[in-house]
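> Build me a model from this:
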Amino acid sequence: MNPTQPLSAAELLARNLRRLREERGLTIDDLAGRTGIVASRLAAIEMATAQAHLDEVTLLAVGLGVRIAKLFATE
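Okay, here's the model as predicted:
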């Protein structure tokens, strides 16, 4: 990640997903149970090594109790 370039959508999602999950005291396995997304896929999304599909983004927002926009917030 280059500090002079803005984060990609995948990087923003990865950063915010981990932060929101940890703020709620959830493990990846906990979030997998809430969303139906396999834990290994969630881990890859959190590491920005896989890009989430739109339906997965929706499931993540619901599972975390946030609006989709919060998953891509820059602050």
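> Just give me the neighbour total for the nearest residue to Met47 once chain neighbours are set aside.
Ranked by CB to CB, 6 or more residues apart in numbering and with sequence neighbours excluded, the top spatial neighbour of Met47 is Ala14, at 6.3 Å. Using the backbone N, CA and C atoms, a C-beta is placed for each residue, glycine as well. By the measure other CB atoms under 10 Å, the count of residues near Ala14 is 22.
> Could you verify my assumption that Ala14 touches Glu46?
Yes. Contact criterion CB atoms under 8 Å: Ala14 and Glu46 qualify, at 5.3 Å.
> Mind telling me what element the residue nearest to the spatial centre of the chain is part of?
In the chain, the centroid-proximal residue (CA atoms, centre = their mean) is Leu17; its distance is 3.0 Å. According to DSSP states H and E, Leu17 maps onto helix 9-23.
> other SSEs contacting that helix?
Packing contacts for helix 9-23, counted by 3 or more CB pairs under 8 Å, 6 or more residues apart in numbering; DSSP states H and E, involve helix 39-46, helix 54-64, helix 68-71.
> And the pLDDT at the residue nearest to Met47?
As predicted, Ala14 sits at a pLDDT of 98.
> just Glu75 next, same as before
79.
> Give me the distance between it and Leu7.
From Glu75 across to Leu7, the span is 12 Å (CB to CB, to the nearest Å).
> again with Ser40
Distance of Ser40 to Leu7, computed by CB to CB: 23 Å.
> How about Arg67?
As for Arg67, its distance to Leu7 is 19 Å (criterion: CB to CB).
> what about these two, which has more around it?
Between Arg67 and Leu7, counted using other CB under 10 Å, Leu7 has the larger neighbour count: 16 against 10.
> wait, that one sits on Phe72?
No. Counting by CB under 8 Å, Leu7 stays clear of Phe72, with 9.5 Å between them.
> Where does the prediction get shaky in this protein?
The model of the chain has pLDDT under 70 over residues 1-3.
> re the thing from before, for the helix holding Leu17, which outside residues touch it?
1, 7, 27-28, 31, 42, 45-48, 51-52, 57, 60, 64, 66, 70-74 (CB atoms under 8 Å, 6 or more residues apart in numbering).
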